[in-house]
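In: Sequence first, predicted model second:
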Amino acid sequence: MAYNQDTFLYALSSNNAWAGYKSHQNPSFFSKLASGQSPQILWLGCSDSRCPETTILGLQPGDVFVHRNIANIIAPTDINTSAVIEYAVAHLKVKHVVLCGHSACGGAAAALSSSRVGGVLDTWLTPLKAVRQAHADELDAIKDDAARAVRIAELNVEAGVKVLLANFTVQDAIKERGLEVHGCLFDIASGRIRDLGFGTKGGRGMGFDGSSEEVVRGKHATLVFRGGNASMSAAR
Ligand SMILES: [Zn+2]
């Protein structure tokens, strides 16, 4: 980003350039988008600026319905998360729900620390603090700070997937039309997403095995889940 310019003005001019480029590449891109959405993926992730789901999945506007919050906490009493899940699953009928944590998460670091952040943040992070307490022995045995933060992020995803699998809307969609739930972790340092195998295919180790490749055709790209990784083929 050009930091010598006003950041917001730069962002607006960047948007203008992007819109021009997309229209040049595909003149009907925006008119098709404007006609409606039918995303196949619901992404539940962290608000962290380094985890922009559509970008890191290599997908396009229209491909991913999204809810992000600090430390990707899935609390059953959070009406915001619950409304997004219900709309995506019961109305948009997405085929995949992806709960994705990430390495170097500030929320994970805060939950691992014994000090308070202050304000509403400690309240928000309470479920993650509970995960930390439930797995204190395992987490305390990890000497490396970064590795401990990755582990609590994995445990947080596991806890979140359990909440998702206990959600009636999600349960009905799994039963009625084979909705898949995936628990993943995004490694910021490599850009790779790892399937943790906590979801509906958890019984098969990493969640996705090589023999059952899952192909999700987005509006503008094809996402392939294979062997615990998601990859994207070129846009049509
Ligand atoms: Zn985070």
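Out: Thanks, I have the structure now. Residues are numbered from 1 along each chain as shown.
In: which bits of this protein sit near the ion?
Out: By the rule C-beta under 5 Å from the ion, the part of the chain lying against the ion is 46, 48, 105, 107. (Each C-beta comes from the backbone N, C-alpha and C, glycine too.)
In: Go again with 6 Å.
Out: Residues of the chain lying near the ion by C-beta under 6 Å from the ion: 46, 48, 71, 102, 105-107.
In: Show me just the buried residues among these.
Out: 46, 48, 71, 102, 105, 107 (16 or more other C-beta atoms under 10 Å).
In: Can you classify the nearest residue to the fourth one once chain neighbours are set aside as helix, strand or coil?
Out: Leaving aside its sequence neighbours, His102 sits nearest to Phe186 (C-beta to C-beta, 6 or more residues apart in numbering; 4.1 Å). Here Phe186 takes the strand state, with states given by DSSP: H, G, I helix; E, B strand; the rest coil.
In: For Phe186, give me its contacts.
Out: 45, 51, 56, 100-103, 192-194 (C-beta atoms under 8 Å, 6 or more residues apart in numbering).
In: can you rerun that using 7 Å?
Out: Contact analysis of Phe186 by C-beta atoms under 7 Å, 6 or more residues apart in numbering lists 51, 56, 100, 102, 193.
In: The last one - that's part of a strand, no?
Out: I take that to be Ile193. Yes. Assignment of Ile193 by three-state DSSP places it within a strand.
In: Any idea what it is bridged to?
Out: Beta-bridge partners recorded for Ile193 (DSSP bridges): Phe186.
In: Measure how buried it is and give me the count.
Out: Neighbourhood size, Ile193 [other C-beta atoms under 10 Å]: 22.
In: Give me the pLDDT for it.
Out: Looking at Ile193, its pLDDT reads 98.
In: which residues in the chain form strands?
Out: Ranges of strands in the chain, per DSSP state E, are 41-46, 64-69, 96-102, 180-187, 192-195, 214-217, 222-226, 229-233.
In: quick one: low-confidence parts of the protein?
Out: 1-4, 202-236 (pLDDT under 70).
In: What ranges does it have for its helices?
Out: For the chain, the helices defined by DSSP state H occupy 7-25, 29-34, 53-56, 79-86, 106-112, 121-124, 126-134, 136-140, 145-165, 168-177.
In: The second one: how far from the chain's middle?
Out: Its chain's C-alpha centre and that of helix 29-34 lie 24 Å apart, by C-alpha atoms, centre = their mean, to the nearest Å.
In: packing partners for it?
Out: helix 7-25 (3 or more C-beta pairs under 7 Å, 6 or more residues apart in numbering; DSSP states H and E).
In: Am I right that Val161 is in contact with Leu99?
Out: Yes. The criterion here is C-beta atoms under 7 Å, and Val161 meets it with Leu99 at 5.7 Å.
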